[in-house]
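Peer 1: Okay, sequence plus prediction incoming.
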Amino acid sequence: MDTTFTISVSDVDSGIYSTVISINGTEMIKDVKSDKNRITEDSYKVSTGDAHIGQTGTGRYTLSVTVTDNAGNTRI
């Protein structure tokens, strides 16, 4: 059974610089804002049905989201 996640990120102070989303260690999305405009909100959709995700025998998935703001602060 495939599951789709909608992930929302925000930073109202300096704005979002980059977002990296991985499932089971496979990088699904790498979004870097090259112009460093003050984008304060963004959202992404990822699905466990994508063919290049490594499957686990247990059916469990590890979702990792790393966001860096324009001030250089990173949150995982």
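Peer 2: Nice, thanks for sending it over.
Peer 1: show me the contacts for the residue nearest the centre of the chain.
Peer 2: Closest to where the C-alpha atoms of the chain average out (CA atoms, centre = their mean) is residue 21, at 2.8 Å. Residue 21 is in contact with 7, 27-29, 44, 46, 63-66, counting by CB atoms under 8 Å, 6 or more residues apart in numbering. Bear in mind the C-beta positions are built from the backbone N, C-alpha and C, glycine included.
Peer 1: any chance of those residues in CSV, plus neighbour count and secondary structure?
Peer 2: Converted to CSV, the contacts of residue 21 look like this (neighbours: other CB atoms under 10 Å; DSSP: H, G, I helix; E, B strand; the rest coil):
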residue, neighbour count, secondary structure
7, 16, strand
27, 11, strand
28, 21, strand
29, 14, strand
44, 15, strand
46, 20, strand
63, 14, strand
64, 14, strand
65, 17, strand
66, 14, strand
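Peer 1: Residue 27 pairs with what?
Peer 2: Residue 27 forms beta bridges with residue 22, as assigned by DSSP bridges.
Peer 1: Can you list the low-confidence ranges for this protein?
Peer 2: The model of the chain has pLDDT under 70 over residues 36, 51-52, 54-56.
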